[in-house]
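A.B. asks: Build me a structure from this.
(2 chains)
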Amino acid sequence: MAYKHIIAKFKEEAVLLKALTKMQQEKVTLVDIYGPFATHDILRKFTRESKLPYASIIYGLLSLTGIFGLMYYTSVIDYPINYGGKPYFSFPPMVVIMFLVTILGTTILSVLTFHGRSMVFPGKPTKIIDTDVTDDTFYMVVDQNYNPEEIKGWLQESGADEVFEKEF
Amino acid sequence: METTYTPKKNMYLLFAALIIIGIIAIITGFLTDTERTWSNILLNNYYFITIAIGATLFYSLQYITNSGWSALIQRVPMSLGAFLPVGAVLMLLMYFGLPQVYEWAQPGITETDKLIAHKAPFLNVPFFMIRLVFYFALFLSAAWVLRKYAKLEDENADLKYHKKSRYYAQVFIFVAAIFFSFASKDWLMTIDSHWYSTLFGFRNMVLSMYYGSAAVILMVLFLRSQGYFAKVNDAHFHDLARYIFRFSIVFGYLWFMQFLILWYANIPELTVYYYPRFLGDWQTLFYVELFINFVIPFVVMMSDDLGKKPKVLLAISTLLMIGLWISIFVQIMPGAYGPMKFGFIEIGMWLGYAGLFLGATFMALSKFSLVPKNHPYLEESIHHHI
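C.D. replies: Sure thing, here's the model as predicted:
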């Protein structure tokens, strides 16, 4: 499924911001931005909608009802035991277990969803943009779109240190 | 940008009117039901002292964590602590009503009640008053030193005052953490003198910061609606909203832990506290308390975007002010008074105290520059963004 991406290398974040503004004006599809540190201006401009929080809420509610159902079934329907005269269905001691299992279920299911959605799994071949990507350099990965030559020109114009193509 | 807050004249008239309503409520209370009135005096004293201590804790916490974002609004929590001397005087007046509220202070009780006789070396009127004076001496002096260095910092641009403030912020946190816990035990827990909970003091001390931060939000929103604090932006509100969110979880946790352990152990001496609250007349309020203080702020503040909206913050903080009242009402009244009664005495006295509290706060606020002049983190705070 490998196909070509345009990659621009920047030393300065201000230059990258300029290029980003230009790309967004021309409605170019961006793939990702790599940098040595989080930059608020880039985060604010290059936002992506994620539905993961909604999925997490659904997982949380599922775990909550699931564990409540299990505890109700075991302590009231299947194997009722009288503990010191307390009613079979007593809510307070359930709360702690419900709280913990909700967190556990939400976390595990969210992590699995996140990895499934972003195609990260053990044994996945590494995708290396450039050897400097873990160093002090910024990279902007741009989709080929329909006008790769024009995009390269814009990137050069806005002051990228290097523009190249890579297949991954 | 306005630098000092100048209150409008009719605002103090409003506070005076509120205080007059409060005085009328106290007089009607003493004419009809003395016990209920003394319980309400204790309730309102504790309510506003909680906010004052909580706000000063909030102020101190900004210093010891070296927080930059809050430098712009730090005069608000500082002024909210100005009620403390008034609260000290009002709390001293409780001396005349001790037997009405506290079972152990009734003359001759030690002869009939063995458990109270056993606790008498600690729970007796003179020692109670000595402790009360001692607590307030510590709170007031620590808060006064903090205010002194804030004033000095305004006058001279010198980093040493900031460092002094930071040092005394640690002192205040230490003092409030230990002695406000003890004060809560003294003033509220001994009402049910047979009962005890080791979590009680800690719970009330920590939660004072919950309501302190809610009061800070309300004050900042009010000052912003008056045209001050133009530089306060989304990010500041977001940070304030996080305080509410985190403390709502703490509230839920502590509320439930105190209840669960006593419920599970099922020892008659200990369940006596929860019997009227969990099964008696107070059942509705018992759940309403949890709902207002935990469920609603938790669910609403879970969303990042809602925390940035001033209107949502206004609604939640106002709700928390009601929540604090219900919380203390449920802690005091079943033991001190008995039946659940809510009427003009409760509302009027709360209004009177609110007038006093707001008057003290605004007076303290107008004495200082609203934005600290020489605070080292001021620039960072003005440009705060997330």
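
A.B. asks: which residues of chain B score low on pLDDT?
C.D. replies: Confidence mapping of chain B against pLDDT under 70 gives the ranges B:1-2.

A.B. asks: if we go to 50?
C.D. replies: By pLDDT under 50, the weakly predicted segments of chain B are B:1.

A.B. asks: Could you list the residues of it in contact with chain A?
C.D. replies: Proximity of chain B to chain A (CB under 8 Å from any CB of the partner chain) is limited to residues B:Phe256, B:Phe259, B:Leu260, B:Trp263, B:Tyr264, B:Asn266, B:His385, B:Ile386. Bear in mind the C-beta positions are built from the backbone N, C-alpha and C, glycine included.

A.B. asks: give me that answer again for 10 Å
C.D. replies: Within chain B, the residues that sit near chain A (CB under 10 Å from any CB of the partner chain) are B:252-253, B:256-257, B:259-261, B:263-264, B:266, B:278, B:302-304, B:385-386.

A.B. asks: and those residues, which two are the farthest apart?
C.D. replies: B:Asn266 and B:His385 (52.9 Å; CB to CB).

A.B. asks: one step back: now, of the residues of chain B next to chain A, which are buried?
C.D. replies: Among the residues of chain B next to chain A, those scoring as buried are B:Gly252, B:Phe256, B:Phe259, B:Trp263, B:Phe278 (criterion: 16 or more other CB atoms under 10 Å in any protein chain shown).

A.B. asks: Go through these and flag which are in helices.
C.D. replies: B:Gly252, B:Phe256, B:Phe259, B:Trp263 (DSSP state H).

A.B. asks: I'd say the last one and B:Thr271 touch.
C.D. replies: Which is B:Trp263. Yes: under the criterion of CB atoms under 10 Å, B:Trp263 makes contact with B:Thr271 at 7.3 Å.

A.B. asks: what do the two both touch?
C.D. replies: Common neighbours of B:Trp263 and B:Thr271, counting by CB atoms under 10 Å, 6 or more residues apart in numbering or on different chains, are B:Phe278.

A.B. asks: Quick check: closest non-adjacent residue to A:Thr39.
C.D. replies: Closest residue to A:Thr39 apart from its sequence neighbours, by CB to CB, 6 or more residues apart in numbering or on different chains: A:Glu13 at 5.5 Å.

A.B. asks: what sits against B:Lys231?
C.D. replies: Listed by CB under 10 Å, 6+ apart, the contact partners of B:Lys231 are B:Met1, B:Leu72, B:Ile73, B:Arg224, B:Val371, B:Leu378, B:Ser381, B:Ile382, B:His383, B:His384.

A.B. asks: Under a three-state scheme, what state does it occupy?
C.D. replies: Of the three states, B:Lys231 takes coil under DSSP: H, G, I helix; E, B strand; the rest coil.

A.B. asks: Point me to the helix or strand that includes the residue positioned nearest the centre of chain A.
C.D. replies: Chain A has A:Phe114 as the residue nearest its centroid, 6.1 Å off, counting by CA atoms, centre = their mean. Here A:Phe114, judged by DSSP states H and E, is contained in helix A:92-117.

A.B. asks: got the buried residues for that helix?
C.D. replies: A:Met98, A:Val101, A:Thr102, A:Gly105, A:Thr106, A:Leu109, A:Ser110.

A.B. asks: how deep is B:Asn233 tucked in, by neighbour count?
C.D. replies: As a burial measure, B:Asn233 scores 16 neighbours (other CB atoms under 10 Å in any protein chain shown).

A.B. asks: I'd like to know how far it sits from chain A.
C.D. replies: With distances taken as CB to the nearest CB, to the nearest Å, B:Asn233 is found 13 Å from chain A.

A.B. asks: Chain B contacts on chain A?
C.D. replies: A:40-41, A:43-44, A:53, A:57, A:83-86, A:90, A:92-93, A:95-96, A:99.

A.B. asks: hmm, try it at 7 Å
C.D. replies: Residues of chain A lying close to chain B by CB under 7 Å from any CB of the partner chain are A:His40, A:Gly84, A:Pro92, A:Pro93, A:Val95.

A.B. asks: hang on, isn't B:Arg166 packed against B:Gln62?
C.D. replies: No: the criterion here is CB atoms under 7 Å, and B:Arg166 misses it with B:Gln62 at 9.8 Å.

A.B. asks: which of those two has more neighbours?
C.D. replies: Ranked by neighbour count (other CB under 10 Å), B:Arg166 and B:Gln62 place B:Gln62 first, with 22 against 16.

A.B. asks: The stretch 151-300 of chain B: helices as residue ranges?
C.D. replies: Counting by DSSP state H, counting those that start in this stretch, the stretch 151-300 of chain B has helices at residues B:159-187, B:200-225, B:234-265, B:268-274, B:283-290, B:296-301.

A.B. asks: So which elements touch the third one?
C.D. replies: Applying 3 or more CB pairs under 7 Å, 6 or more residues apart in numbering or on different chains; DSSP states H and E, we find helix B:234-265 packed against helix A:92-117, helix B:200-225, helix B:268-274, helix B:296-301, helix B:310-336.

A.B. asks: Show me where chain A dips below the pLDDT cut-off.
C.D. replies: By pLDDT under 50, chain A has no low-scoring segment.

A.B. asks: Show the contacting residues for the residue in chain A that chain B sits nearest to.
C.D. replies: Residue nearest to chain B within chain A (CB to the nearest CB): A:Pro92, separated by 5.3 Å. By CB atoms under 7 Å, 6 or more residues apart in numbering or on different chains, the contact list for A:Pro92 reads B:Leu260, B:Trp263.

A.B. asks: 10 Å - rerun?
C.D. replies: With CB under 10 Å, 6+ apart, A:Pro92 has these contacts: A:Lys86, B:Phe256, B:Phe259, B:Leu260, B:Ile261, B:Trp263, B:Tyr264, B:Phe278.

A.B. asks: and the gap between it and B:Phe298?
C.D. replies: Between A:Pro92 and B:Phe298 the computed distance is 19 Å (CB to CB, to the nearest Å).

A.B. asks: go on, B:Leu80?
C.D. replies: The value you get for B:Leu80 to B:Phe298, if CB to CB is used, is 24 Å.

A.B. asks: Between the two, point out the one with more neighbours.
C.D. replies: Under the criterion of other CB under 10 Å, the comparison of B:Leu80 against B:Phe298 puts B:Leu80 first, with 29 against 17.

A.B. asks: ok, the more buried one touching B:Thr50?
C.D. replies: No: B:Leu80 is not in contact with B:Thr50 according to CB under 10 Å; the separation is 11.0 Å.

A.B. asks: what residues are shared contacts of those two?
C.D. replies: Residues within reach of B:Leu80 and of B:Thr50 at once, by CB under 10 Å, 6+ apart, are B:Gly212, B:Ala215.
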